[in-house]
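1. pasting the sequence and the predicted coordinates here, then a few questions.
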Amino acid sequence: MQRTSLTILIVLFVTCFVMQAAAVPLSSEMHAQIAEKYPDGLPKYTTDEEKLLPLPTVSREDYLLRSPPTGEVHCSAEYESMEGLLIAWESYTSTLTSMIVPMTTHANPATAFVVVDNSSEQSSVYGSLSGSGADMDHVEFIVRSTDTVWIRDYGPRFIFEDGNRAIIDHTYNRPRPNDNLLNDYISTLWGEPQYDIPLTHGGGNFHLLSNGDAFMSDLILTENPGLSEQDVKDLYAEYQNLDLTIYPGFPTSFDSTQHIDMWMLPVGDDKVIIGQYSVGAGQPYTITEDAVTDLEARGYTVYRTPGWNSGGTHYTYTNAVIVNDLVFVPTFSGYSSENAEAQAVFADAMPGQTIIPVDCSTIIHAAGAMHCIVMHVPAEDGGTALTVTLPDGVPEYIPPGEPTDITVQIDDGSETYVPGSGTLYYRYDGGTFLTDSLTSLGGNLYAATLPAPACDDTPEFYISADGDGGTTVYSPEDAPASYYTTGVGTVTVILDDDFETDQGWTVEDVGPDPPINGSWERDVPVDEPNEDYHPPRSDYDGSGQCYLTENLLGNSDVDLGPTRLISPTFDLSEATDPILRFAYWWWNDDQDGDPMEVEISNDDGATWIPVQTIANVPPEWFQQEIHIASAIDPEPLTALMKVRFSVMDDPNNSKDEGGIDAVEVFEVDCQTFGDIDGDGDVDLDDYAEFEDCMTGPCAVPPCDPPLYAELDCHLADFEDDGDVDLEDFATFERSLVP
């Protein structure tokens, strides 16, 4: 079609759009004429022709009239259990097929929900997929016209409201009417309620984790100029129960979409992949490095995959697709070393998952890849077929040389637990997971028994249980992509204070100018929002109280100072490598000054040694560990140890608000009982040594005469009763490595 007639058609369409007339045939014709210029399908970005059309928008009035869900809302992360993927069969069909065939033929298949324009296309697609090897029992067709393949941007965002699946719909940020109406059709077709969030948005600019953290680029603010950043965050809290973080978007010259899925991918409860760009890339480098710093400060493990722009195309590996235990990772022709590096990173970040490379050399030029052309459909029961939890939590350390029981609770949900199916998966050396059955403790409680570890082991484990409907549920939910980890050692607690009682801390306000306000005090934080201040609204560990810099209504600002929080005296004279652990909150609006200072004294407070300077951090709790001996070296550990936390605002020119909670001083020691010869494990080589400990004068240490001085006979005294006898031998036998 000539450009003149296309322009006339556009003008006609705009006129109808403004008059709000029903013009579906015209819209379809309009779309068809524009699509003629794009044989591979419309790109993810807005075409020049589409820029002449009015974009759908929402208003401030829409925001004020919002109607979010009223029940309890949970959002499933993409790495959690999925029923399948929604797909629009419009273009890049070879890429779609490369995903559909493996996911439908896998041992744990997922469903491909394929949207086709009409019954004729359904027949054609059926033949194409079945001929390519897809299991058509796991392909469901939805007959409904769409404009483009980019269903991530316009498709339904699923939530669970009171355990029932529902849809969150937004206004698509493209003039593509069939795409924008798809969610209304799916809501009716599947009988699932739909909530319209008053935002103009493209769904690829969004990621979430199961803990409720969510991330977008500031494109969302550009597309919704009538809303503030806090308005947008409030919407995601109300509609999806999420805590939203907004990062800067890439410049459009580097990535025309500015979508966060082009450089970020959550892959586990505490794991995220972030694209890695060269310093020469400019803003993409700065934006991603700042994001890494922020995420690591929050406790996330961050993995990096290559990212770059070549010839105007943004190449990225984070635009990948996770569906249950399959991970589809993009590859690009001409970049074999980058492809190999990315696949190695995914394998490291998601052990136990099957990594499937998919050639995205063509689609990437349309400003997107695989993640952009699918929408995840979480399992309809919301992951509640069964609930598998560890009611006592994961122990931070388990003792060496003896088995440890972990309590597991299995509760029925939409399915009933299959007796005997509960399984412990464990490994101590990073290799293959071994298995053992759970032992019933009565009712819904079971014991998972971790075998006796050696001091140099790194125990890793997860739990599975089967429901009578065929669902296998894991703890953690995305195992084996993630798993529980514990250390090995015996913990000696020296100081443990959650500040619920007064254990002898003191506050000292000093300087030529003591604080006008903001002195440290122990209290339950006032939970009163104030947009100008950011003090703790609750304590760190949930016990109730903490120390904070005063506790006024809405703020805890320090003025002048310093104000110092000083611990009671504690004894480290017998310690070797004691650890100081504490939670801290330190927010201020002075980026270059006013740090929190952490100091140690070994002479009851007469002198102080600086050990940590904490600069301004986001307004939330963080946890810190300091190895005291190395921090104060060459000064010795003594019986007169103290720690203090000092904050100030001098000169008084900024807002400074802090908190301290959950202070611990402890030491972890590891000696493996039964490892008498000291080689790191308990085996047959220790048998003869054990006999010497039973019969020789070393039965009660210290060893005398020197003949037995090289033996650690106290490690044979399992009963800890001062001698080595047959009772110890019985325990020793159970500790032997097969």
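-> Now that the structure is in, tell me what you want to look at.
2. excluding chain neighbours, what is closest to Asp162?
-> Taking C-beta to C-beta, 6 or more residues apart in numbering, and ignoring the residues beside it in sequence, Asp162 has Gly71 as its nearest neighbour in space, at 3.8 Å. C-beta: built from backbone N, CA, C; applies to glycine.
3. try Pro69
-> Counting by C-beta to C-beta, 6+ apart, Glu161 is the residue found nearest to Pro69 once chain neighbours are left out, at 4.7 Å.
4. how far away is that neighbour from Gln194?
-> The gap separating Glu161 from Gln194 is 11 Å, by C-beta to C-beta, to the nearest Å.
5. more neighbours: which of these two?
-> Just comparing Glu161 and Gln194: by other C-beta atoms under 10 Å the higher neighbour count belongs to Glu161, 20 against 15.
6. pretty sure that one sits against Glu72.
-> Yes. Under the criterion of C-beta atoms under 8 Å, Glu161 lies in contact with Glu72, with a separation of 7.0 Å.
7. so what's the nearest residue to Ser76 once chain neighbours are set aside bridging to?
-> Using C-beta to C-beta, 6+ apart and skipping residues adjacent in sequence, the residue nearest Ser76 is Pro378, 3.8 Å away. Beta-bridge pairing of Pro378, defined through DSSP bridges, involves Met82.
8. got a pLDDT number for Pro378?
-> If you check Pro378, the pLDDT there is 94.
9. still on that earlier bit, common neighbours of Glu161 and Glu72, please.
-> Taking C-beta atoms under 8 Å, 6 or more residues apart in numbering as the criterion, Glu161 and Glu72 do not both touch any residue.
10. and stretch 84-94, how far from the chain's centre?
-> When C-alpha coordinates are averaged (C-alpha atoms, centre = their mean, to the nearest Å), stretch 84-94 and its chain have centres 28 Å apart.
11. next up, phi/psi of Thr95, please.
-> Thr95 adopts backbone torsions of phi -70, psi -40, taken as degrees, to the nearest 10.
12. and the pLDDT at it?
-> On the pLDDT scale, Thr95 is placed at 97.
13. need the contact list for it.
-> When contacts are taken as C-beta under 8 Å, 6+ apart, Thr95 is in contact with 358-360, 362-363, 370, 373.
14. do the same with Ala575
-> Contacts here follow C-beta under 8 Å, 6+ apart; on that basis Ala575 touches 492, 494, 629, 637, 667.
15. in strands, which of the residues you listed fall?
-> 492, 494, 667 (DSSP state E).
16. of these, buried ones?
-> For these, burial is judged from neighbour counts taken by 16 or more other C-beta atoms under 10 Å, and it is met by 494, 667.
17. looking at the ones in strands among the contacts of Ala575, which is nearest Asp270?
-> Sorting the ones in strands among the contacts of Ala575 by how near they are to Asp270, with C-beta to C-beta, puts Glu667 at the top with 26.2 Å.
18. dig out what that closest one forms beta bridges with.
-> Here Glu667 sits in beta bridges with Thr492, as judged by DSSP bridges.
19. just confirm it contacts Thr490, I think it does.
-> No. With contact taken as C-beta under 8 Å, Glu667 and Thr490 are classed as non-touching, separated by 9.0 Å.
20. mind checking which helix or strand Phe160 is in?
-> With elements delineated by DSSP states H and E, Phe160 resides in strand 157-161, which encompasses its position.
21. now for that strand, which elements pack on it?
-> With contacts defined as 3 or more C-beta pairs under 8 Å, 6 or more residues apart in numbering; DSSP states H and E, the secondary structure elements packing on strand 157-161 are strand 73-74, strand 164-172, helix 229-240, strand 375-378.
22. I figured Gly544 hits Pro525, correct?
-> No. Here Gly544 lies out of contact with Pro525, judged by C-beta under 8 Å, at a distance of 9.3 Å.
23. quick one, which of the two is more surrounded?
-> Residue environment comparison for Gly544 versus Pro525 gives the larger neighbour count to Pro525, 19 against 13, counting by other C-beta under 10 Å.
24. now do Ser76 against Pro266, distance only.
-> 12 Å.
25. before we move on, what about Met648?
-> Note on Met648: its distance to Pro266, by C-beta to C-beta, is 38 Å.
26. look up how far Trp585 lies from Val643.
-> Counting by C-beta to C-beta, the separation of Val643 from Trp585 is 17 Å.
27. which one of the two has more residues nearby?
-> For Val643 versus Trp585, the count of surrounding residues by other C-beta under 10 Å is larger for Trp585: 29 against 24.
28. what sits against Pro251?
-> Residues in contact with Pro251, defined by C-beta under 8 Å, 6+ apart, are 282-284.
29. backbone phi and psi for it, please?
-> Backbone phi and psi, for Pro251 under degrees, to the nearest 10, turn out to be phi -60, psi 150.
30. circling back: in strands only, show me the contacts of Thr95.
-> 358-359.
31. greatest separation within the contacts of Thr95: which pair is it?
-> Based on C-beta to C-beta, the longest span within those runs between Asp359 and Ile373 and measures 13.8 Å.
32. the two: who's more crowded?
-> More neighbours sit around Ile373 than around the other of Asp359 and Ile373, counting by other C-beta under 10 Å; the figures are 33 against 15.
33. and the nearest residue to that one once chain neighbours are set aside, what's its pLDDT?
-> The shortest distance from Ile373 to any residue that is not its chain neighbour, by C-beta to C-beta, 6+ apart, is 4.9 Å, and that residue is Val149. The predicted local confidence for Val149 comes out at a pLDDT of 96.
34. ok, Thr387 next?
-> 87.
35. contacts for stretch 542-551, please.
-> Under the criterion C-beta under 8 Å, 6+ apart, residues 498-500, 505, 517-526, 535-536, 539-540, 556-558, 563, 565, 583, 585, 647, 656-662 lie in contact with stretch 542-551.
36. from those, which ones fall inside strands?
-> 520-523, 563, 565, 583, 585, 647, 656-662.
37. which other helices and strands contact the helix or strand hosting Ala340?
-> When secondary structure is defined using DSSP H and E, the element that contains Ala340 is helix 336-349. Of the remaining helices and strands, those touching helix 336-349 by 3+ C-beta pairs under 8 Å, 6+ apart are strand 264-268, strand 271-276, strand 301-310, strand 326-331, strand 354-359.
38. deepest of these, which one?
-> When neighbours are counted by mean count of other C-beta atoms under 10 Å, the highest per-stretch mean among the helices and strands packed on helix 336-349 falls to strand 264-268, a mean of 26.
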